[in-house]
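S.K.: requesting a structural model of the entry that follows:
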Amino acid sequence: MTSDAEIKVLKTELVGLFHYIQRVRQEIAALHKPAESDHGFASISEQLDAIVKATADATNTIMAAMEENENIVAEVKKGIPDKALAAKLDKITDNAAAVFEACTFQDITGQRINKVAKSLAYVEKHISVLINVWGRDELEKIEVKPDKEKTADEKLLAGPQLEGRGATQDEIDKLFQ
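M.R.: Numbers count the residues shown, from 1 in each chain. Here you go, the predicted model:
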């Protein structure tokens, strides 16, 4: 026969377990449908893709400008008989080569971001399994609140937006007119 003390301990343990399960359920729901739209896995992937695109675009712009500068330097050098001045133009060409080398950061950055994206996909896959085990419909019923309320400034300052989202530069310019 079980004593009253043992039953009380068992009830306490069951209540603790119930609260623990509720907390796990709440956290899984937060992963399934984050309180803020920019905190989900899809948003993370989009942001990483935007980083890769922005660095590639910037790198291509830098490289095109440097290539054009090299062509101009080569033209100017043809018309300069002064050896000392021609040597300075050679230094500009050397600097351009250093810029080209430095632009390889974009390729390495893209590779690293792709590794991070694959890791996120792995985590997302396993979270999706947890969501399916728990039941998507059940998790949809749970209200997910943000970790903390945003200040008025935080609500206005959303940082750089993905292409096609947020205010355009023209809309921002109109605010200052």
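S.K.: alpha carbons only for contacts and neighbour counts from here, please
M.R.: OK.
S.K.: quick one: least confident helix or strand in the protein?
M.R.: helix 152-156 (a mean of 63; mean pLDDT, DSSP states H and E).
S.K.: starting at the chain centroid, how far to the next helix or strand along the chain from that one?
M.R.: For helix 152-156, the following helix or strand on the C-terminal side (DSSP states H and E) is helix 169-175. Remark: helix 169-175 is offset 25 Å from the chain centroid, using Cα atoms, centre = their mean, to the nearest Å.
S.K.: in helix 169-175, which residues are buried?
M.R.: Judged by neighbour count (16 or more other Cα atoms under 10 Å), helix 169-175 contains no buried residues.
S.K.: can I get it in PDB? Just the C-alpha atoms.
M.R.: The C-alpha atoms that make up helix 169-175 are tabulated as PDB, following Å, rounded to 0.1, in the frame of the first residue of the first chain:
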ATOM      1  CA  GLN A 169      14.300  55.100 -51.100                       C
ATOM      2  CA  ASP A 170      11.700  57.400 -52.700                       C
ATOM      3  CA  GLU A 171       9.300  56.900 -49.800                       C
ATOM      4  CA  ILE A 172      12.100  57.600 -47.300                       C
ATOM      5  CA  ASP A 173      13.100  60.700 -49.200                       C
ATOM      6  CA  LYS A 174       9.500  62.000 -49.100                       C
ATOM      7  CA  LEU A 175       9.600  61.800 -45.300                       C
END
